[in-house]
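Trainee: Pasted the sequence and its predicted model underneath.
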Amino acid sequence: MKFSWSLAPTQPLLAGRLAASLKISPLLAQCLLNRGFSELPAVEHFLQPRLKNLSDPFLLPDMAKAVDRLFRARGQKETVVIFGDYDVDGVTATALLIEVLRPLGWRVEFYLPKRMDEGYGLSADGVDNCLKKFQTTLLLAVDCGSTAVESIATARARGVDAIVLDHHQISNPPPAAIALVNPRNGRDSSSAGTELCSAGLAFKLAHAIVKRGREENLPGTAEFDLKPLLDLVALGTIADLVPLSGENRILACAGLRQLNQTQRPGIVALKKVSQTPDAIGVYEVGFQLAPRLNAAGRLETAEESLQLLLADNLGKAMPLAQRLDSRNRERQKIEKSIVKEALGALRMKFDPDNHFVIVEGQLLWHIGVVGIVASRVLQEFYRPTIIIGGENGEMRGSCRSIAGFDIAAALRECNDLLVRHGGHAMAAGLSILPDKIDLFREKLNDLARRTLKPDDLKPSLLLDAEVGLDEIGFETLYELEKLKPHGQGNPATQFCARNLSHAKPVQRIGAEKQHVKMRVTDGAATHDAVWWNSGDKSLPVGKFDLAFVPQINQYNGNRSLQLKVLDWRATES
C-alpha cells in the first residue's frame, strides 16, 4: 500500500532555541515540536516522566464515591466481586485490584465473563451467572459497564450496588451505578486521566484507597507500596493501545522499569515460554507477552491469564504459562485461516470508490479472533473494518477504524440494527442478528460517505524531518531514544532521505524470501535498509526517496545501524 507522505513543517528558529535551552540536538528538538511540545516545562515533563507528576486520583469523576462505597463494604464485611473483562487490560486491572484489596482487609472474589457464552462487557447473562455464583451486594465492574444500563438496573433490583471503573464511551442515559469512575463521565474532556486505560484507572483507584486509608489509619496502608503493581499497569496500558502521552507515558515508563525487574512468577514464566529477551520494551509487551495473555480469553475464558498473574510461585506459574503459549499457537492457526478467507473474498469484490467501510461476516468464524482479523483487513484496504462471526442466532463483531471516523459514534447511529454495541472511536464491539448485516453495511457506508473524503481513505505517513544519511549515527539514535516508549500518540521517529541510490544489488531474505535487504547511499553516507514483508511490492530503482525509521540492530552481540523502510517513491527531477 502506497502512502501519502506528510512532512512536518520545519521550525528552525524554535527548534534552535529549544535545543540550546535543553542542550539537545536540533533534530530531537524538531521531533518534540512535531509532538506538540514547545514550552520548556512541558518538554521537561515529557523527557523526564516521573510518578510524582501523576495527578490526584480523586480528580477522576466519582472516585470519592467509589472509595466511600468500598470502605463501607470493608466495614460491613461485604464481599466485593470484581467483574472484569477478558482482554489484557481487563485482566491486569482485575489482578491489580485483587492484590490491593485483599491484603488491606477486603473480602474479594472475581468473575471473568465467558466470551463465547456471555458476550463482552457487563452483559445480562454474565451478571446473572456471576450473582448465581457469588452472594454479594457490591459489584466492581472493571474495563466494562459504561453502557450496561439494563444489567446494572437488574442488579440494583436484586439489592446489588455497582461501581464502574472503565474508560469506554458512556451510554446516554448512563447506567445508574453508585459510582461511574470513567474519565469520560463529565463535561470537561480534558479532565485528569482522560486517556487512561482500565489498568491505569485501577492503579488510580488503588492510589485513592491507600491515600484514604492512610488518612483514616487503616492497618496496612502506611507501608503499602504501589510500585510493584506497575508491571501490571505497563502490560495493560501498552496492550490496550491507549496514547502513550500524559499520565499514560508516566505509567508506561515506570511500568516498563518495573516489568524489567519484576519477580512476579507469572511474568517470569511467561517471558520464558515466549522466549522474550531480558530487556522488555513496547514491542515485547505488544507482540510477545500480551498475545499470550489474550489467547485464553479469545478462545474460552481469561481465568488462566488471571491465575497466571496472581500465581505466587513458579511451580504454579509455569504450567499456566505453557497452556497460554499453546492456546496462542491455536489462536494463530485459527486467525490465519480466517484472514485468508476474508482477504480472498474481499479482493474479489472490493470497490475502492464505493466501499468506504468494510463489513464482512461468516457463520462459524471464531468470535475470539475477529478483532485481530479486522486489524489485518484494515492494514490491507485502509477502511474502517467490521468482521463478524459466530454460530446460529446472534452474531458478534469487532470493529477497527481509521482517523476521522468515530466507529463507536457510527454504531450509535445504527442502534436500531444492533442487539448491543460499545467501545471507543478507533475500536468497538457489537452483536447483531444475521438478517441485519446487509442493512448495517449499507447504513454504515452511507454514514462514512458523509463523513470521510477520498483523501481520508489513503493512509498518511507522518514524517518528522528530511535528513541526510550522514545525520543518522549512533549518537543521534541514542539521543532519539529519549522519546521512548513509542506508541499511540507518540509514534516512532520517522524520516525521509532524498535522491538515494543502491550501493549494491537488493537481496531477498527470510525463509520465504518475503523481506528485502538494501544498501542505500546519498553520496555522503551509506546505510543498510530492510523492508519487511515486501516480497510482493515494487522495489525502488534508479534515484529514489526513502521513508524510514532509523534503528540500532543488535545481532550476535554486534550493533549496527539499520533503516526500517516504510515506503519509497521516485525522486522528482
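Mentor: On my side now, so go ahead.

Trainee: Assess the claim that L314 and I267 are in contact.
Mentor: No. Using CB atoms under 8 Å, L314 is not in contact with I267, being 10.8 Å away. No exception for glycine: its C-beta is placed from N, CA and C like everyone else's.

Trainee: who has more neighbours, the two?
Mentor: Comparing L314 with I267 by other CB atoms under 10 Å, the one with more neighbours is I267, at 24 against 14.

Trainee: What distance do you get for that one to Q261?
Mentor: To Q261, I267 is 11 Å away according to CB to CB, to the nearest Å.

Trainee: now swap in A234 and tell me
Mentor: Distance from A234 to Q261, by CB to CB: 12 Å.

Trainee: Likewise for R156?
Mentor: The value you get for R156 to Q261, if CB to CB is used, is 44 Å.

Trainee: So for these two, which residue has more residues nearby?
Mentor: R156 (16 against 9).

Trainee: what's the closest non-adjacent residue to that one?
Mentor: Closest residue to R156 apart from its sequence neighbours, by CB to CB, 6 or more residues apart in numbering: A176 at 6.5 Å.

Trainee: surely the one you found meets S151?
Mentor: No. Counting by CB under 8 Å, S151 is not a contact partner of A176; they are 10.8 Å apart.

Trainee: Looking at these two, which is more packed in?
Mentor: S151 (25 against 13).

Trainee: per-residue pLDDT, that one?
Mentor: At S151, the pLDDT value in this model is 96.

Trainee: Also I432?
Mentor: Reported pLDDT for I432: 95.

Trainee: what about it, neighbour count?
Mentor: Using other CB under 10 Å: I432 sits among 24 other residues.

Trainee: Surely it touches D416?
Mentor: No. The pair I432 / D416 is not scored as a contact, 11.3 Å apart, by CB under 8 Å.

Trainee: Any stretches of this structure with poor pLDDT?
Mentor: 1, 187-193, 392 (pLDDT under 70).

Trainee: longest strand of it?
Mentor: Taking DSSP state E as the criterion, the chain has its longest strand at strand 495-509.

Trainee: That strand: how far from the chain's middle?
Mentor: Taking CA atoms, centre = their mean, to the nearest Å, the mean C-alpha location of strand 495-509 is offset from the chain mean by 33 Å.

Trainee: Adjacent strands (with direction) for that strand?
Mentor: For strand 495-509, the paired strands and their directions (DSSP bridges) read strand 465-466 (parallel), strand 515-521 (antiparallel), strand 544-555 (antiparallel).

Trainee: can you list contacts of that strand?
Mentor: Strand 495-509 has contacts (CB atoms under 8 Å, 6 or more residues apart in numbering) with 5, 7, 463-469, 472, 515-522, 526, 530, 535, 539-540, 542-550, 571.

Trainee: Which members of the residues you listed are classed as buried?
Mentor: Using 16 or more other CB atoms under 10 Å as the burial test, the contacts of strand 495-509 include 5, 463-465, 467, 469, 472, 515-518, 520, 522, 530, 540, 544-550 as buried.

Trainee: I'd like to know which of the strands paired with strand 495-509 is closest to V373.
Mentor: Closest approach to V373 among those is made by strand 515-521 (23.3 Å; CB to CB).

Trainee: Could I get the CA-only coordinates of that closest one as PDB?
Mentor: Output in PDB follows, covering the C-alpha atoms of strand 515-521 (Å, rounded to 0.1, in the frame of the first residue of the first chain):
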ATOM      1  CA  HIS A 515      11.800  -9.400   3.100                       C
ATOM      2  CA  VAL A 516      14.200  -7.200   1.200                       C
ATOM      3  CA  LYS A 517      17.600  -6.000   2.300                       C
ATOM      4  CA  MET A 518      19.200  -3.000   0.600                       C
ATOM      5  CA  ARG A 519      22.300  -0.900   1.000                       C
ATOM      6  CA  VAL A 520      21.400   2.700   0.100                       C
ATOM      7  CA  THR A 521      23.600   5.800  -0.300                       C
END
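
Trainee: What are the boundaries of the strands in the stretch 401-550 of the chain?
Mentor: 420-423, 427-432, 460-463, 465-466, 495-509, 515-521, 526-531, 544-555 (DSSP state E, counting those that start in this stretch).

Trainee: These: which one's closest to L230?
Mentor: Between those, strand 427-432 lies closest to L230; by CB to CB that is 24.5 Å.

Trainee: What helices and strands are in contact with the closest one?
Mentor: strand 385-389, strand 395-400, helix 407-413, strand 420-423 (3 or more CB pairs under 8 Å, 6 or more residues apart in numbering; DSSP states H and E).

Trainee: Swap in 7 Å and give it another go.
Mentor: If you count contacts as 3 or more CB pairs under 7 Å, 6 or more residues apart in numbering; DSSP states H and E, strand 427-432 packs onto strand 395-400, helix 407-413, strand 420-423.

Trainee: What residues of stretch 496-503 count as buried?
Mentor: Buried-residue list, stretch 496-503, by 16+ other CB under 10 Å: 496-497, 500, 502.

Trainee: any chance of the residues you listed in JSON lines, with distance to C130 too?
Mentor: What follows is the buried residues of stretch 496-503, written out as JSON lines (distance: CB to CB, whole Å):
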{"residue": "C496", "distance to C130": "53"}
{"residue": "A497", "distance to C130": "57"}
{"residue": "L500", "distance to C130": "60"}
{"residue": "H502", "distance to C130": "62"}
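
Trainee: Can you dump the C-alpha atoms of stretch 11-21 in PDB for me?
Mentor: C-alpha atoms of stretch 11-21 as PDB (Å, rounded to 0.1, in the frame of the first residue of the first chain):
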ATOM      1  CA  GLN A  11      10.700  25.200  12.600                       C
ATOM      2  CA  PRO A  12      14.400  26.000  12.700                       C
ATOM      3  CA  LEU A  13      14.200  29.100  15.000                       C
ATOM      4  CA  LEU A  14      12.000  27.500  17.600                       C
ATOM      5  CA  ALA A  15      13.900  24.200  17.300                       C
ATOM      6  CA  GLY A  16      17.200  26.000  17.700                       C
ATOM      7  CA  ARG A  17      16.000  27.800  20.900                       C
ATOM      8  CA  LEU A  18      14.700  24.600  22.400                       C
ATOM      9  CA  ALA A  19      17.900  22.800  21.500                       C
ATOM     10  CA  ALA A  20      20.000  25.500  23.100                       C
ATOM     11  CA  SER A  21      17.900  25.600  26.300                       C
END
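
Trainee: which residues are in contact with that stretch?
Mentor: For stretch 11-21, the external contacting residues (CB atoms under 7 Å, 6 or more residues apart in numbering) are 25-26, 29-30, 32-33, 38, 40, 43.

Trainee: go again using 10 Å as the cut-off
Mentor: Outside of stretch 11-21, the residues within contact range by CB atoms under 10 Å, 6 or more residues apart in numbering are 24-34, 37-40, 43-44, 465.

Trainee: For the helix ranked longest in the chain, list every residue counted as buried.
Mentor: Longest helix of the chain, by residue count under DSSP state H: helix 314-349. Under the neighbour-count criterion of 16+ other CB under 10 Å, helix 314-349 has 316-318, 320-321, 323-325, 327-328, 331, 334-335, 338-339, 342-343, 346 buried.

Trainee: what does stretch 245-258 give?
Mentor: Quick answer for stretch 245-258 (16+ other CB under 10 Å): 245-256, 258.

Trainee: between those, which is nearest N558?
Mentor: Using CB to CB, the buried residues of stretch 245-258 come closest to N558 at L256, 24.9 Å.

Trainee: List the residues that contact the closest one.
Mentor: 230-231, 233-235, 237-238, 279-282, 284-285, 484-485.

Trainee: Quick check: PyMOL command selecting the buried ones in those.
Mentor: Per 16+ other CB under 10 Å, the buried members of these correspond to this PyMOL selection:
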select buried, resi 230+231+233+234+235+237+238+280+282+284+285+484+485
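
Trainee: From I163, how far off is E284?
Mentor: 33 Å.
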